[in-house]
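K.L.:
Return a 3D structure for these sequence lines:
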Amino acid sequence: MKIYSPFNKDLSDLEACDLALLGNVHESWYVEYKREAIAQKRLAKAISAFANTYGGWLFIGVQEADGVEPVAEGFPGIPVGEVSGLLQSLRQAVDRHLQPTPHYDTKVLHGPNVEIGLPDGKSVVIVRIPRSFQTPHVHSDGRIYLRVADGAEPKHENDRHILDQLWRRSENSGS
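P.N.:
The predicted structure follows:
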């Protein structure tokens, strides 16, 4: 199964100006926007939900529009000096709060970029999470998160139907 992408190029080839496309991409089953860095447990929750469901993209440093159209409204970015700490926090979030550890890829895009309004000294961090075949990824809070519409919803470890589906996916992957 190919992972959804709002872009017509690989993650490694993305440039800051490509983020302009997000002005037409709703926060959804496959996309989540965060204006600023979030706590490790919340990072782990978002990543596990994407990995346990269909995969997806987490954009940090992107402002979501308020109201009916939850698309990217702006690109305030996060301070460049905070990027390495955020990437370390991301690694720790996955390592400390998820079992088994899901795969993810990152890309950092730096400003300035006038086309999208990303200021000098600010960056957008992109996290691409493929659909996992090592499911379920259980959060340290004892829950299994799934992506439902534009949010991560918990399923407790005793939700037999969900667990059966996730275990079957893992078994059928041939790993």
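K.L.:
which SS class is the residue nearest in space to the middle of the chain?
P.N.:
Using CA atoms, centre = their mean, the residue of the chain that lies closest to the mean C-alpha position is residue 58, 2.7 Å off. For residue 58, the secondary structure call by DSSP: H, G, I helix; E, B strand; the rest coil comes out as strand.
K.L.:
count of residues packed around the residue lying closest to it once chain neighbours are set aside?
P.N.:
Setting aside the residues directly before and after it, residue 58 is nearest to residue 127 in space (CB to CB, 6 or more residues apart in numbering), at 4.2 Å. Bear in mind the C-beta positions are built from the backbone N, C-alpha and C, glycine included. One way to gauge burial is a neighbour count; for residue 127, by other CB atoms under 10 Å, it gives 24.
K.L.:
picking up where we left off before, please give me every residue in contact with the residue nearest to the centre of the chain.
P.N.:
The contact partners of residue 58, by CB atoms under 8 Å, 6 or more residues apart in numbering, come to 32, 34, 46-47, 50, 126-127, 129.
K.L.:
For this protein, which segments are assigned as helices?
P.N.:
Secondary structure of the chain (DSSP state H): helices at 40-52, 83-97, 160-172.
K.L.:
looking at those helices, which is closest to residue 14?
P.N.:
helix 83-97 (15.5 Å; CB to CB).
K.L.:
what helices or strands is the closest one leaning on?
P.N.:
The criterion is 3 or more CB pairs under 8 Å, 6 or more residues apart in numbering; DSSP states H and E, and the helices and strands that helix 83-97 contacts are helix 40-52, strand 105-110, strand 122-130.
K.L.:
With only the CA atoms kept, save that helix in CSV.
P.N.:
Only the C-alpha atoms of helix 83-97 are listed here, as CSV (Å, rounded to 0.1, in the frame of the first residue of the first chain):
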residue,chain,number,x,y,z
VAL,A,83,15.0,22.1,15.7
SER,A,84,17.7,19.7,16.9
GLY,A,85,15.9,19.5,20.3
LEU,A,86,12.6,18.8,18.6
LEU,A,87,14.2,16.0,16.5
GLN,A,88,15.7,14.5,19.7
SER,A,89,12.4,14.8,21.5
LEU,A,90,10.8,13.0,18.6
ARG,A,91,13.3,10.1,18.8
GLN,A,92,12.8,9.9,22.6
ALA,A,93,9.0,10.0,22.2
VAL,A,94,9.0,7.0,19.9
ASP,A,95,11.6,5.1,22.0
ARG,A,96,10.1,5.8,25.4
HIS,A,97,6.4,5.8,24.7
